[in-house]
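Undergrad: just a sequence and a predicted model for now, questions to come.
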Number of protein chains: 2
Amino acid sequence: MITVALDAMGGDRGLVAAVEGAAQLSREDADVHVIAVGDVPRMSEVLEGARYDPTRLTLFHSDSCVTMDDKPREALESKPDCSILEAARLVERGEAQALVTAGHTGAAILVSAERFRMMPGIRRAALASVYPTESRHGPKRDPFALILDVGATLAVGAEELVGFALMGSAYSAVISEIPAPRVALLSNGTEARKGTPAIVEAHTRLKGGPLNFVGNVEGLDIPKGTADVIVCDGFLGNVVLKMLEGISDVFMDITRDASSRSLQWRIALSMLGGGLRELRRLTDFNHYGGAPLLGFEEVVIKAHGRSSPRAIRNALKVAAKAVQGDLIGRIRDGVTALRLDEDQGASG
Amino acid sequence: MITVALDAMGGDRGLVAAVEGAAQLSREDADVHVIAVGDVPRMSEVLEGARYDPTRLTLFHSDSCVTMDDKPREALESKPDCSILEAARLVERGEAQALVTAGHTGAAILVSAERFRMMPGIRRAALASVYPTESRHGPKRDPFALILDVGATLAVGAEELVGFALMGSAYSAVISEIPAPRVALLSNGTEARKGTPAIVEAHTRLKGGPLNFVGNVEGLDIPKGTADVIVCDGFLGNVVLKMLEGISDVFMDITRDASSRSLQWRIALSMLGGGLRELRRLTDFNHYGGAPLLGFEEVVIKAHGRSSPRAIRNALKVAAKAVQGDLIGRIRDGVTALRLDEDQGASG
């Protein structure tokens, strides 16, 4: 049995979605035990009407949280018993093996940095996001790809980019079950000499290394799914990810407007059926499992602030899968392999 | 009469599209004279079957060009009479007032840097691209926005970002006829303190300056059209622009696949009519006029390599409009206004 600590407060859709998601998982999965951290009277109220398995979902009290409008550092200092800190402490004490939160991203990063150790050989943390791509690689290829960093570390050197590549590859192998994920650097051209000095140096170090490094990719490769893992600094990744979300919003607006416009439109949209669903799937983030925060000795998953109960359930499942597949051990192995490789390269 | 020198060779769709576009314009616009630079026998052959006005379209011979596979610096040295150089010389000698090319972007930048003077107060050139947005600002608001730099200058400081903002604002005012274009810095958050040190400093300098500076925007604002002019460094702009193109390609693929799939799909797509056209418009770059290369004392427009005759015609019209609206003078005025403003700020 894997135990996951869930920070059940602080998301935009809040405690209800978190508790409902955990209740849903408790009914279907025998291998995961969730400790939901939040206001127990309010959580109990949500559970009163719901079906759930009390052996797989327990409650832990905390009556404060970091809100989306808080400045995270100040909030964490003034609320020492807030839900994200209590959830992290459960992991720190070994009472849970993973942390899931739909709360403030900055708070999740700060708490992890304070409470958990960085992995040896990894200098900076990265937040990774799964996003949908056009899948043109046969039915067996996962249509999702991973991009990191999307906001934990703004400016990076080659060392950090190589670390992100390692962590992303391990995550993709464990969660998407791709044996040798195609790893790429995001740049302004595919040639090895293209990009910032950090990218050019990281390219040299990754080439010929233990990962399945496919070189540089460009912006147009992001939606196409040319790579399984796309590596960039947190500033660029943040812009890219929010742009994908923005295009999703625009697409939703247009199809929603359209369907309210006329009967002809509504008929046409219903006739498109599956194809339109495919288009929406390509741009709709809501049903994904969440973004792993990588670089620490513990599994941390950040669910989207707007998460539905289903998205919370998926984030909990992903966290359990990461523990089960020994994500942390695989990243450690990757660091070791890369070092051996570079030592051989240096002596050879 | 405004004269535009057109480098008619080197684009992916080549000389035929360029000459056809110029011929098309000669039939409809009395105020523009195009000098098409390229292989005269081949251009004459294209014109033989076409209708055009010979008082508004003349030919200038050059039998070599920088191809898309060439390394631009070497190609320019080994082909001193190539079409882009001959076209630039026409502008240099005052025989034309603007340069349009659908050829190699790097070559266009190099030739401009060698042949034309930089504008006083502008340190680095920027390539700007027009892209479509979701227009939600009433029927009178132009649904297109401008993003710069998209690849002329990879790494920039605050000084360059401020220069890009000035040039983009002037271009948007002249070409899109927006009296006070909303100018924004692309960053990882809307707060003034968000972004790289260069962005934070540029924010301070633009705030309270003569432009209609609306602050920082995020990735999701790009497709939404929150700003008329989005300013960033050439590395980020390159990734963003190629990503927009990639999403366009994916969208085309899906709707094309879909329409070949079944009769039901084809009927549904035809019923969607205008709405689908709106979606395509949002993602289809082919019919835009081209990207201005800003920072020089001359008007330079880079048409997309895949340009159709219609896109070439549009690029020629945009070039003429930039001359007519005194784009260069307006940028000069902007530099002066910003300096006065900063001097007053410093003494106040």
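TA: Great, that's in hand. Numbers count the residues shown, from 1 in each chain, chains lettered A, B, ... in the order given.
Undergrad: so who does the closest residue to chain B within the stretch 51-200 of chain A touch?
TA: Proximity of the stretch 51-200 of chain A to chain B (Cβ to the nearest Cβ) peaks at residue A:188, 4.1 Å away. (Each C-beta comes from the backbone N, C-alpha and C, glycine too.) Neighbouring residues of residue A:188 by Cβ atoms under 8 Å, 6 or more residues apart in numbering or on different chains: A:194-195, A:218, B:151, B:154, B:234-235, B:238-239.
Undergrad: that one in helix, strand or coil?
TA: coil (DSSP: H, G, I helix; E, B strand; the rest coil).
Undergrad: tell me the contacts of residue A:302?
TA: Going by Cβ under 8 Å, 6+ apart, the list of residues near residue A:302 reads A:101-102, A:105, A:108, A:127, A:290-293.
Undergrad: and with 10 Å instead?
TA: A:7, A:99-105, A:108-109, A:112, A:127-129, A:151-152, A:290-293, A:315 (Cβ atoms under 10 Å, 6 or more residues apart in numbering or on different chains).
Undergrad: next one: phi and psi at it?
TA: The phi and psi values for residue A:302, taken as degrees, to the nearest 10, are phi -100, psi 110.
Undergrad: with adjacent residues omitted, what lies nearest to it?
TA: Excluding the flanking residues, the one nearest residue A:302 by Cβ to Cβ, 6 or more residues apart in numbering or on different chains is residue A:291, at 4.7 Å.
Undergrad: and the one you found, how far is that from chain B?
TA: Separation of residue A:291 from chain B (Cβ to the nearest Cβ, to the nearest Å): 15 Å.
Undergrad: isn't that residue right next to residue A:303, touching?
TA: Yes: under the criterion of Cβ atoms under 10 Å, residue A:291 is in contact with residue A:303, at a separation of 7.9 Å.
Undergrad: please enumerate residues in contact with the helix or strand hosting residue A:330?
TA: Counting by DSSP states H and E, the element that carries residue A:330 is helix A:327-347. Contacts with helix A:327-347, where a contact means Cβ under 10 Å, 6+ apart, come from A:97-98, A:119-122, A:162-163, A:165-171, A:173-175, A:205-206, A:208-211, A:292, A:294-299, A:319, A:321-322, A:326.
Undergrad: how close does residue A:233 get to chain B?
TA: 10 Å.
Undergrad: what is the neighbour count of that residue?
TA: 26 (other Cβ atoms under 10 Å in any protein chain shown).
Undergrad: need the pLDDT of the nearest residue to it once chain neighbours are set aside.
TA: Excluding the flanking residues, the one nearest residue A:233 by Cβ to Cβ, 6+ apart is residue A:156, at 4.5 Å. Looking at residue A:156, its pLDDT stands at 92.
Undergrad: same check on the one 10 residues further on?
TA: The predicted local distance difference test score for residue A:166 is 95.
Undergrad: that one: neighbouring residues, count only.
TA: There are 29 residues near residue A:166, going by other Cβ under 10 Å.
Undergrad: same thing with the one 3 residues further on?
TA: By the criterion of other Cβ under 10 Å, residue A:169 has 26 neighbours.
Undergrad: what inclination does the host helix or strand of it have with respect to helix A:327-347?
TA: Here residue A:169 sits within helix A:158-175, counting by DSSP H and E. In terms of direction (axes from the mean of the first three to the mean of the last three Cα atoms, to 10 degrees), helix A:158-175 departs from helix A:327-347 by 130 degrees.
Undergrad: and the strand or helix carrying residue A:48, C-alpha only, in CSV?
TA: Using DSSP H and E, residue A:48 sits within helix A:40-49. Output in CSV follows, covering the C-alpha atoms of helix A:40-49 (Å, rounded to 0.1, in the frame of the first residue of the first chain):
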residue,chain,number,x,y,z
VAL,A,40,-11.8,18.1,9.0
PRO,A,41,-15.3,19.2,9.8
ARG,A,42,-15.7,20.6,6.2
MET,A,43,-14.1,17.5,4.7
SER,A,44,-16.4,15.2,6.7
GLU,A,45,-19.3,17.2,5.4
VAL,A,46,-18.3,16.5,1.8
LEU,A,47,-17.8,12.8,2.6
GLU,A,48,-21.2,12.5,4.3
GLY,A,49,-23.0,12.3,1.0
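Undergrad: still on that earlier bit, give me the buried entries from the contacts of helix A:327-347.
TA: Neighbour-count burial (16 or more other Cβ atoms under 10 Å in any protein chain shown) applied to the contacts of helix A:327-347 gives A:97-98, A:119, A:121-122, A:162-163, A:165-171, A:173-175, A:205-206, A:209-211, A:292, A:294-296, A:298-299, A:319, A:321-322.
Undergrad: surely residue A:100 is in a strand?
TA: Yes: the assignment for residue A:100 is a strand, going by three-state DSSP.
Undergrad: that one against residue A:87, yeah?
TA: Yes: Residue A:100 is in contact with residue A:87 according to Cβ under 10 Å; the separation is 8.0 Å.
Undergrad: run through the stretch 101-250 of chain A and note the low-pLDDT ranges.
TA: Along the stretch 101-250 of chain A, segments meeting pLDDT under 70 span A:134-142, A:248, A:250.
Undergrad: where exactly do the strands run in it?
TA: Here the stretch 101-250 of chain A has its strands, by DSSP state E, counting those that start in this stretch, at A:126-132, A:144-148, A:182-186, A:212-217, A:229-231.
Undergrad: for the longest one, C-alpha coordinates in CSV please.
TA: Listed next in CSV are the C-alpha coordinates belonging to strand A:126-132 (Å, rounded to 0.1, in the frame of the first residue of the first chain):
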residue,chain,number,x,y,z
ALA,A,126,12.1,21.7,-12.2
LEU,A,127,8.3,21.8,-12.5
ALA,A,128,7.3,19.6,-15.5
SER,A,129,4.1,19.6,-17.3
VAL,A,130,2.4,17.0,-19.4
TYR,A,131,0.7,18.4,-22.6
PRO,A,132,-1.1,16.8,-25.5
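Undergrad: circling back: for the helix holding residue A:48, name the packing helices and strands.
TA: If you count contacts as 3 or more Cβ pairs under 10 Å, 6 or more residues apart in numbering or on different chains; DSSP states H and E, helix A:40-49 packs onto helix A:14-28, strand A:32-38, strand A:57-61.
Undergrad: list the buried ones in it?
TA: A:42-43, A:46-47.
Undergrad: run the chain-centre distance for that helix.
TA: 28 Å (Cα atoms, centre = their mean, to the nearest Å).
Undergrad: state the mean pLDDT of that helix.
TA: Mean predicted lDDT for helix A:40-49 stands at 94.
Undergrad: which residues are contacting it?
TA: Contacts of helix A:40-49 (Cβ under 10 Å, 6+ apart): A:8-9, A:14-20, A:22-23, A:26, A:36-39, A:52, A:54, A:57, A:59-63.
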